[in-house]
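**Student:** Sharing a model that was predicted from the sequence below.
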Amino acid sequence: MFDKLILKKIFFNLVIGSEQSAIRYFIQTILMVLIARYNNVSIFGIKEHRNLLLVRGVFGAINFISFGFSLKFINPSDTQVIIIIKS
């Protein structure tokens, strides 16, 4: 158990949070593609809905980028209050 804690501590000190997230999401994407292929489901959705999915993805990306900038330039507690008020 002590060895696992040391390895975990070393791993988390060497790999910063954004890299950990990138690795996690990359593995998650591969797994979801494999599951979709196994169940014979289209990865990009039904042809009639692809434009809506693209628009949804663009607005989602804008949301995440805006949230990142707000955390950089605004006090985080103020950012959370603004998000909760808008919901």
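**Tutor:** Sure, I can see it. Numbering: from 1, shown residues only.
**Student:** tell me what the lengthiest helix in the chain is packed against?
**Tutor:** For the chain, the helix with the greatest residue count under DSSP state H is helix 50-73. If you count contacts as 3 or more Cβ pairs under 8 Å, 6 or more residues apart in numbering; DSSP states H and E, helix 50-73 packs onto helix 76-86. For glycine as for every other residue, the C-beta is placed from the backbone atoms N, C-alpha and C.
**Student:** Taking helix 76-86 as reference, get the angle to the longest helix of the chain.
**Tutor:** 140 degrees (axes from the mean of the first three to the mean of the last three Cα atoms, to 10 degrees).
**Student:** Centre of the chain to helix 50-73, how far?
**Tutor:** 11 Å (Cα atoms, centre = their mean, to the nearest Å).
**Student:** Could you list the residues in contact with it?
**Tutor:** Under the criterion Cβ atoms under 8 Å, 6 or more residues apart in numbering, residues F44, G45, T79, I82, I83 lie in contact with helix 50-73.
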